[in-house]
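**Student:** Return a 3D structure for these sequence lines:
(one chain, ligands or ions: 2)
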Amino acid sequence: MNATAAPKQRRWTPPFAERALDAVVRVPGSKSQTARALVLSAISDGPSTIRRPLVARDTLLMVDALRSLGADIDTGDPEQWTVTPGPLRGGADVDCGLAGTVMRFLPPIAALADGPVAFDGDPHARKRPNDGVIKALRDLGVEVDDGGTPALPFTVNATGSVTGGALEVDASKTSQLVSALLLAAPRFERGLDLRHTGDKPVPSRPYLDMVVQMLRQAGADVDDSEENRWRVAPGTLDGREWVIEPDLQNAAPFLCAAVVVGGRITIADWPTRTTQAGDRIRDVLTELGSRVEWSRDGLTVIGAPSTLEVDLDLADASELTPSLAALFGVSRGTSSISGVAHIRGHESDRISALATELGKLGAEVDEREDGLAITGRETRPMTWETYADHRMAHAGAIVGLVTPGLALSDVACVSKTWPDFAEVWEQTIRGGGNAEEAEA
Ligand SMILES: O=C(O)C1=C[C@@H](OP(=O)(O)O)[C@@H](O)[C@H](O)C1
Ligand SMILES: C=C(OP(=O)(O)O)C(=O)O
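**Tutor:** Ligands and ions are numbered 1, 2, ... in the order given. Next comes the predicted model:
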């Protein structure tokens, strides 16, 4: 199977949970850290290594794209990739798949190449918002040909350099616009003085701490002391060793499973300090009444099915929405999620997709512009549509724990960030998890 091609659909019946859970789960590396490490390594002055990278469709698409732009990337060892930068060349065709990180992070890098770079992706990727990136590049003096529609497909007509300087953007649809510009900024002749001037706040803020931290680790001079303003000095970046943390967003469905079914789930190697937005799940599950404990192995959640009544603003951790909405859809009580209007532009319109599927399941759902209120009711057998969205598949797996006769229309979409998700989920629910296997 070609790991970067759009996956062929596979129907899946997730396991029904027969007993309380007791498992240690090892989740693969952070998508967001792997993407940033790849980009920074490709524009550094020397070679880098990336330890424990995420090996999945999104990051392999990033690898392919950076190779076509001139980097030499060795992915032969899945535990450690090496990146040797080369001059950025034009003439490349970049396949973004459905990866927001590729479609946003790479156009500003492509603008530094010595010729045109064309971008396209999966059918739904053409619907994801990218007007911010295109407008920002034009405001920086880079010519972009989008055929009149500011979304994929488009071509960045690069000429080898970007002047940079002061720039205002509206990043309220996606934080990735800010991350994208900051990643390329050290290579702009005058660096970048970037301001978010939109009426609404930038969502998913922890990802901006992540990009600033990683830029500094690579030797960049970044000033983020003023709210909604980031200043990056021009300069070179150092090649280095990156160590990627486990992906906490991908851990979330497993932790939610402990609450739905009862029992304990440990996620191995949970970082004690992190900029990952998914770390928020610890506080959320504590607020929901679960026990959350650190141990030598990692982070353990001890859950029990109970009535859930919370109102969560998930603006900073919006990718948790599908798993938590699924949890609310199979629990007693009414809970709500707000602050996530922008996830209508994620891999699917997640608010509408969740409202539709949870409604079919039997839950009472109030779909709002920026979230959902959900009251769990008795569930009924159904086909849970996944909309080519990995996190909708995670949500379907959660509701399947207590819904006999539920099948997912497609589980292959999980290849975006974790090709083995379904197998690990089955092992975990049936007993054991995957940690011993990973260590063997
Ligand atoms: O920078 C990143 O790595 C990401 C930022 C977030 O994007 P949004 O700001 O669009 O939510 C997040 O949802 C996405 O999965 C990864
Ligand atoms: C929003 C997501 O991804 P992307 O990086 O494609 O925006 C996600 O993984 O939930």
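**Student:** can you give me phi and psi for residue 264?
**Tutor:** Backbone dihedrals for residue 264, given as degrees, to the nearest 10, come out at phi -130, psi 140.
**Student:** Surely it touches residue 299?
**Tutor:** No: judged on Cβ atoms under 8 Å, residue 264 makes no contact with residue 299 at a distance of 10.9 Å. The C-beta positions use only the backbone N, C-alpha and C, and glycine is treated the same way.
**Student:** what about these two, which has more around it?
**Tutor:** residue 299 (23 against 17; other Cβ atoms under 10 Å).
**Student:** In contact with the more buried one: list those residues for me.
**Tutor:** Residues in contact with residue 299, defined by Cβ atoms under 8 Å, 6 or more residues apart in numbering, are 266-267, 270, 282, 292-293.
**Student:** Of those residues, select the buried ones using a ChimeraX command.
**Tutor:** Typed into ChimeraX, the line below selects the buried ones among the contacts of residue 299, using 16 or more other Cβ atoms under 10 Å:
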select :266,267,270,282,292
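**Student:** Restricted to strands, list the contacts of residue 299.
**Tutor:** Taking DSSP state E as the definition of strands, the contacts of residue 299 contribute 266-267, 292-293.
**Student:** Quick check: which ranges of this protein have low pLDDT?
**Tutor:** In the prediction, the chain carries residues with pLDDT under 70 at positions 1, 436-440.
**Student:** Regarding it, what is its longest helix?
**Tutor:** helix 248-261 (DSSP state H).
**Student:** Quick one: list the elements packing against it.
**Tutor:** Secondary-structure packing of helix 248-261 (3 or more Cβ pairs under 8 Å, 6 or more residues apart in numbering; DSSP states H and E): strand 21-25, strand 263-268, helix 281-287, strand 298-303, helix 321-329, helix 390-400, helix 421-430.
**Student:** how about 10 Å then?
**Tutor:** Using 3 or more Cβ pairs under 10 Å, 6 or more residues apart in numbering; DSSP states H and E as the contact test, the elements touching helix 248-261 are strand 21-25, helix 31-42, strand 263-268, helix 281-287, strand 298-303, helix 321-329, helix 390-400, helix 421-430.
**Student:** and residue 226, how many neighbours does it have?
**Tutor:** By other Cβ under 10 Å, the burial measure for residue 226, its neighbour count, is 9.
**Student:** And residue 382, by the same measure?
**Tutor:** Residue 382 has 17 neighbouring residues, counting by other Cβ under 10 Å.
**Student:** ok, now which ones touch the closest residue to ligand 1 within the stretch 251-400 of the chain?
**Tutor:** Among residues of the stretch 251-400 of the chain, the one nearest ligand 1 by Cβ to the nearest ligand atom turns out to be residue 319. It sits 4.7 Å away. Residue 319 is in contact with 31-32, 204, 248-250, 252, 277-278, 280, 340, 343, 346-347, 350, 390-391, 394, 417, counting by Cβ atoms under 10 Å, 6 or more residues apart in numbering.
**Student:** roughly how far apart are it and residue 279?
**Tutor:** Residue 319 sits at a distance of 12 Å from residue 279 (criterion: Cβ to Cβ, to the nearest Å).
**Student:** Between these two, which contacts overlap?
**Tutor:** Taking Cβ under 10 Å, 6+ apart as the contact criterion, the common neighbours of residue 319 and residue 279 are 248-249.
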